[in-house]
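Engineer: model this:
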Amino acid sequence: MQDSPFKKFHAEAGATLAPRDGWSMPLHYGDAAAEHTQCRDSGAIFDVSHLGRLRLSGRHARKLLETALTRKVTDMAVRTCREAVVCNDAGVVIDVVSVYRYENEWLLVTNAGGRAAVLAQLEALIAAAGMSVKLVDETDKTAMLSVQGPKVAAKIGEFSREIPTLKPWTFALKNLLILKMTVSRTGYTGGDGVEVLLGANMASMAIKLLLKDKSEAAAIKPAGLDARESLRIEAGLPAYGVEFGAGMDVDPLSLGLAHAVDLDKHLDDSGVPVPRFVGQDALEKIAADGPAQRLVRLELEGTPPAVGSDVSGGRVTSATALPGGKAVALAWVDAASAPAEGAAVDVAGAQATAAAFG
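Structural biologist: Numbering: from 1, shown residues only. The predicted model follows:
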């Protein structure tokens with residue numbers, strides 16, 4: 001079991017730790033529901049160092065990414081990032097990733113459970129085409145924090161004027177004291193915030209800087225993966241190992257990730273052909289025929305349904321109670337019978353309402 005670079009902080013803060021994809025990670029610091037509310041109302045800081053971080057450079061790095069990712073990257077400006085998908089030949093999702101464009105290199109942030117499969121896919125593509133690419137797995141040498149909530153930008157503005165002005169899906173390279181960091185306006189809670197990538201040896205200094213205020217009224221407080229899970233379900237965001245991943249026959253169009261699939265990408269800015277990506281043939285057919293299934297978000301009162309519960313034409317994959325007595329769930333249903341927003345849906349005998357994502 002691998003420890004996070006923030007292991008000492010978690011111990012001092014009283015975190016309850018549990019295994020997550022080979023890592024010992026904090027589930028909560030005493031009250032996951034309170035941490036959920038803290039993030040929605042003010043700000044929370046999550047250790048997400050278990051996510052994969054793969055750096056790519058070299059003559060064919062861009063060609064490799066155009067081949068491996070469903071999203072076009074050639075048109076990305078420096079210091080921007082975007083969501084993309086890695087698929088197999090059948091158009092099945094291997095992982096959903098974030099791709100960062102630096103001046104002379106790229107970074108892929110993967111899900112913890114998808115890291116090995118993405119790395120294997122990239123290595124196979126490099127070998128098959130004889131590409132000249134330097135591919136480095138930096139996960140063990142780096143740390144990553146997600147700082148989320150409506151008051152985060154103002155708080156960070158106390159020591160950086162640039163970061164609060166970042167647009168969504170852009171990033172800055174910062175040197176604060178001796179801290180060198182990549183700070184992106186991204187997150188996985190459905191709300192505003194930033195994600196911070198830095199060297200593992202700087203982890204202790206970074207968390208002390210971000211959590212200087214330890215009072216009860218602090219704008220930013222630590223939160224664990226239980227709150228991150230309930231926040232992403234509330235926002236309707238699919239998760240690796242739950243809605244997609246190893247052993248699941250799920251395509252990105254069914255997942256609601258059409259925005260991360262560029263089926264029309266074919267030319268770069270200079271008119272040079274861009275390679276077709278792995279799985280493009282299959283996804284073109286799915287787009288033409290329409291996905292067979294759809295992921296829907298359901299809201300209901302009281303106790304959340306159990307995972308696996310029957311839904312009209314499908315089953316529940318994720319569910320959580322929300323502060324205030326409501327519950328939300330995600331479910332796979334047949335696309336032909338998918339409920340319209342606002343429609344009543346029977347979930348294991350209880351009435352739910354089909355709701356919008358986000």
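
Engineer: next SSE after whichever strand or helix holds residue 64?
Structural biologist: Here residue 64 sits within helix 61-68, counting by DSSP states H and E. Sequence-wise, the next helix or strand downstream of helix 61-68 (DSSP H and E) is strand 80-87.

Engineer: can you give me the strands in the stretch 1-150 of the chain?
Structural biologist: Taking DSSP state E, counting those that start in this stretch as the criterion, the stretch 1-150 of the chain contains strands spanning 2-3, 16-20, 23-28, 44-47, 52-57, 80-87, 93-101, 106-110, 134-137, 142-148.

Engineer: will you turn these into JSON lines that also has mean neighbour count and mean pLDDT?
Structural biologist: Where you see a C-beta, it was placed from the backbone N, CA and C, and this is true even at glycine. Below are those laid out as JSON lines (neighbours: other CB atoms under 10 Å; pLDDT from 0 to 100):
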{"stretch": "strand 2-3", "mean neighbour count": "14", "mean pLDDT": "94"}
{"stretch": "strand 16-20", "mean neighbour count": "15", "mean pLDDT": "95"}
{"stretch": "strand 23-28", "mean neighbour count": "21", "mean pLDDT": "97"}
{"stretch": "strand 44-47", "mean neighbour count": "26", "mean pLDDT": "97"}
{"stretch": "strand 52-57", "mean neighbour count": "20", "mean pLDDT": "98"}
{"stretch": "strand 80-87", "mean neighbour count": "22", "mean pLDDT": "98"}
{"stretch": "strand 93-101", "mean neighbour count": "23", "mean pLDDT": "98"}
{"stretch": "strand 106-110", "mean neighbour count": "23", "mean pLDDT": "98"}
{"stretch": "strand 134-137", "mean neighbour count": "15", "mean pLDDT": "98"}
{"stretch": "strand 142-148", "mean neighbour count": "24", "mean pLDDT": "97"}
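
Engineer: Show me what the helix holding residue 64 is packed up against.
Structural biologist: Contacting helix 61-68 under the criterion 3 or more CB pairs under 8 Å, 6 or more residues apart in numbering; DSSP states H and E are the following elements: strand 106-110, helix 115-129.

Engineer: what sits up against that helix?
Structural biologist: Contacts to helix 61-68, defined as CB atoms under 8 Å, 6 or more residues apart in numbering, come from residues 56, 72-74, 86, 99, 105-106, 108, 121-122, 125-126, 129, 131, 133-134, 265, 274-278.

Engineer: Can you give me the domain assignment for this structure?
Structural biologist: Following automatic domain parsing, the chain resolves into domains at 1-290, 292-355.

Engineer: Go through these and find the least confident stretch.
Structural biologist: Among these, domain 292-355 has the lowest mean pLDDT, at a mean of 90.

Engineer: Please compute how far that one lies from its chain's middle.
Structural biologist: For domain 292-355, the gap between its own C-alpha mean and the chain's C-alpha mean amounts to 22 Å (CA atoms, centre = their mean, to the nearest Å).

Engineer: Show the end-to-end separation of stretch 52-72, please.
Structural biologist: One end of stretch 52-72 sits 21 Å from the other (CA to CA, to the nearest Å).

Engineer: Can you mark which positions in it are buried?
Structural biologist: Buried residues in stretch 52-72, counted by 16 or more other CB atoms under 10 Å: 52-58, 60-72.

Engineer: And for stretch 173-185?
Structural biologist: So for stretch 173-185, counting by 16+ other CB under 10 Å, buried means 174, 176, 181-185.

Engineer: neighbouring contacts of stretch 2-17?
Structural biologist: 22-30, 47, 49-50, 140, 143, 145, 200-201, 203-204, 207, 222, 224.

Engineer: C-alpha coordinates for it, PDB please?
Structural biologist: Extracted C-alpha coordinates of stretch 2-17, given in PDB (Å, rounded to 0.1, in the frame of the first residue of the first chain):
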ATOM      1  CA  GLN A   2       1.400   3.300  -1.100                       C
ATOM      2  CA  ASP A   3       1.300   6.400   1.300                       C
ATOM      3  CA  SER A   4       0.400   9.800   0.100                       C
ATOM      4  CA  PRO A   5       3.000  12.600   0.300                       C
ATOM      5  CA  PHE A   6       0.500  14.200   2.700                       C
ATOM      6  CA  LYS A   7       0.600  11.200   5.100                       C
ATOM      7  CA  LYS A   8       1.900  13.200   8.100                       C
ATOM      8  CA  PHE A   9      -0.800  15.900   7.600                       C
ATOM      9  CA  HIS A  10      -3.500  13.300   7.500                       C
ATOM     10  CA  ALA A  11      -2.300  11.700  10.700                       C
ATOM     11  CA  GLU A  12      -2.100  15.000  12.500                       C
ATOM     12  CA  ALA A  13      -5.600  16.000  11.300                       C
ATOM     13  CA  GLY A  14      -7.200  12.800  12.500                       C
ATOM     14  CA  ALA A  15      -8.100  11.300   9.100                       C
ATOM     15  CA  THR A  16      -9.700   7.900   8.700                       C
ATOM     16  CA  LEU A  17      -7.600   6.200   6.100                       C
END
